[in-house]
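Student: sequence-free structure coming up:
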């Protein structure tokens, strides 16, 4: 339990570091909310009393206060669920984020499901045929997939399935309220891209663990008792071998939160990633800050949950504590 | 050595000789193809101006989207009639310049912090650990896009930012290996002789920790190529008209059905370069793993 307490306590400085770093970054970089309100005006442009207007606005918004003060007043709001206001979109940041969040979460869930759908059979088959031709072939394809930048795979799939064969739409989004079928139909391509790119990692992990499990004595015993391969596989081997897989799946989920940015952009999905890219484009620093904070929180939360699960299930965990653990 | 029996030590020596002789062929032909591709790309990118490629910026609006093997353009032309071959080679300049520099920055940062964390443990390790967790929790691609968008996407800024965010992997491997080696006799011996911390870290730990981290750094090279591609594709990379693979791909993307080669040629160049770096890194990693296994 000492380990768990250590992990939980460590989340606090990490959270402060991430939020403060992004806050400081956005404040050091040129262009602030006052500039944004004044129509994205250049902060060095001083014509027609623009400078005075800007100063007045800064005072009104509290932008003239020191950065530390502003950070803590922003943080105080976050604790109460108030992420500040976007001056570009004239709306509370939290509302903007919550509106887009379901799109990204659906994409993540679907893509992870597809990744498992690909990785499970391939991983199991590879482990059963370890070092044989089939295993090598699967391994080679997986290696090729790893070398595929996400946007390249997206373009390739668009070319084959949207341009050449016209089976799936090249881009677009269909709200779930207007029909689940159409909604999923529009999700297939982007979810497949992420799923395909994720599957090699999952597959490799499963393969290694399963090969190790299949060499255990109790598997040999089950074989000696004359049980069929599929029975041994599904009743005895798969569960103890899927341990690392579940962990990796959890960690990938955290990573993907920001990894969906480019996929959402290519397929015009109105999710978090697209919102954040637009925020960068519009110099909407409050929205950007809110998005970064939410993703960081989710990442830290998922990691912590995975860690805790790991520590509860496997008592050996918790000996090493430090940068690599 | 007598004909009848081998002394126990001989077998080991024979194996060593075999290993010595096979060091090059042991890498496998796939490795050499990958190496050849990287060499070819690097060579033509480095000497692009001397090799007589066409001007990658010269537009020709009468000859847009010309197909491969067309008159005067081996790989055709892009949406504004610029020579594809020249743009792919000059695009390689950008990708490879980043690939050869940013991972070096990651390497230096990762080794410095990783060895310190693994050697001193305790508070130093804890602090660096928090720092690492924070970098991981920070949505990297968004941070990189934001920084470059606001600071300006110059090659120099890009290298610095990619180098910084790439250090985490190197740092973790450096730390883990430092912990392994810090307990070994040669480190104890150095300490007993009164060597300073800095000397132990530099002279004893660094050479040993370096090998696995270097293998990882090669894979870091393909990672930065991917990120540069993403940035260029999204339009936050180096500003036009500089040729970059990501931008070429996005320029062709709108006319994918009409002239797929405009998209797929730079895409292929990018894919094979990334694949090659991965293959080289993977091969080096298995070789160094085998080496540490024998110790």
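Tutor: Right, received. Where do you want to start? This is a predicted model, so every value here is computed, not measured.
Student: alpha carbons only for contacts and neighbour counts from here, please
Tutor: Noted.
Student: tell me how many other residues crowd the closest residue to residue B:82 other than its chain neighbours.
Tutor: Closest residue in space to residue B:82, ignoring its immediate chain neighbours: residue B:59 at 4.8 Å, by C-alpha to C-alpha, 6 or more residues apart in numbering or on different chains. Per other C-alpha atoms under 10 Å in any protein chain shown, the neighbour tally for residue B:59 reads 16.
Student: same thing with residue B:32?
Tutor: The local packing of residue B:32 (other C-alpha under 10 Å) involves 16 other residues.
Student: what parts of the stretch 151-300 of chain A come near chain B?
Tutor: Selection of the stretch 151-300 of chain A residues close to chain B by C-alpha under 8 Å from any C-alpha of the partner chain yields A:151-152, A:155, A:159, A:163-164, A:255, A:257-259, A:261-262, A:276-277, A:280, A:292, A:295-297, A:299-300.
Student: and the residues you listed, which are buried?
Tutor: Among those, those classed as buried by 16 or more other C-alpha atoms under 10 Å in any protein chain shown are A:151-152, A:155, A:159, A:163, A:255, A:257-259, A:261-262, A:276-277, A:280, A:292, A:295-297, A:299-300.
Student: next one: residue A:142 from chain B, what distance?
Tutor: Going from residue A:142 to chain B by C-alpha to the nearest C-alpha, to the nearest Å gives 11 Å.
Student: and for the spatially closest residue to that residue that is not a sequence neighbour, the neighbour number?
Tutor: In space, and not counting its chain neighbours, residue A:142 is closest to residue A:200: 5.1 Å by C-alpha to C-alpha, 6+ apart. Residues near residue A:200, counting by other C-alpha under 10 Å, number 25.
Student: where does the residue in the stretch 151-300 of chain A that chain B sits nearest to fall, helix, sheet strand or coil?
Tutor: Proximity of the stretch 151-300 of chain A to chain B (C-alpha to the nearest C-alpha) peaks at residue A:296, 4.9 Å away. Under DSSP: H, G, I helix; E, B strand; the rest coil, residue A:296 falls in the helix class.
Student: what's the local residue count around the residue lying closest to it once chain neighbours are set aside?
Tutor: Spatial nearest neighbour of residue A:296, chain neighbours left out: residue B:137 (4.9 Å); criterion: C-alpha to C-alpha, 6+ apart. A count of nearby residues for residue B:137, using other C-alpha under 10 Å, gives 26.
Student: thought residue B:137 was touching residue A:300?
Tutor: Yes. Between residue B:137 and residue A:300 there is a contact under C-alpha atoms under 8 Å: 6.2 Å.
Student: who are the contact partners of the residue nearest to residue A:296?
Tutor: By C-alpha atoms under 8 Å, 6 or more residues apart in numbering or on different chains, the contact list for residue B:137 reads A:18, A:295-297, A:299-300.
Student: ok so, going back, residue contacts, the residue nearest to residue B:82?
Tutor: With contact set as C-alpha under 8 Å, 6+ apart, residue B:59 has these partners: B:80-82.
Student: closest one of these to chain A?
Tutor: residue B:80 (21.0 Å).
Student: check contacts around residue A:174.
Tutor: Applying C-alpha under 8 Å, 6+ apart, the residues contacting residue A:174 are A:182-183, A:186.
Student: noted, bye for now.
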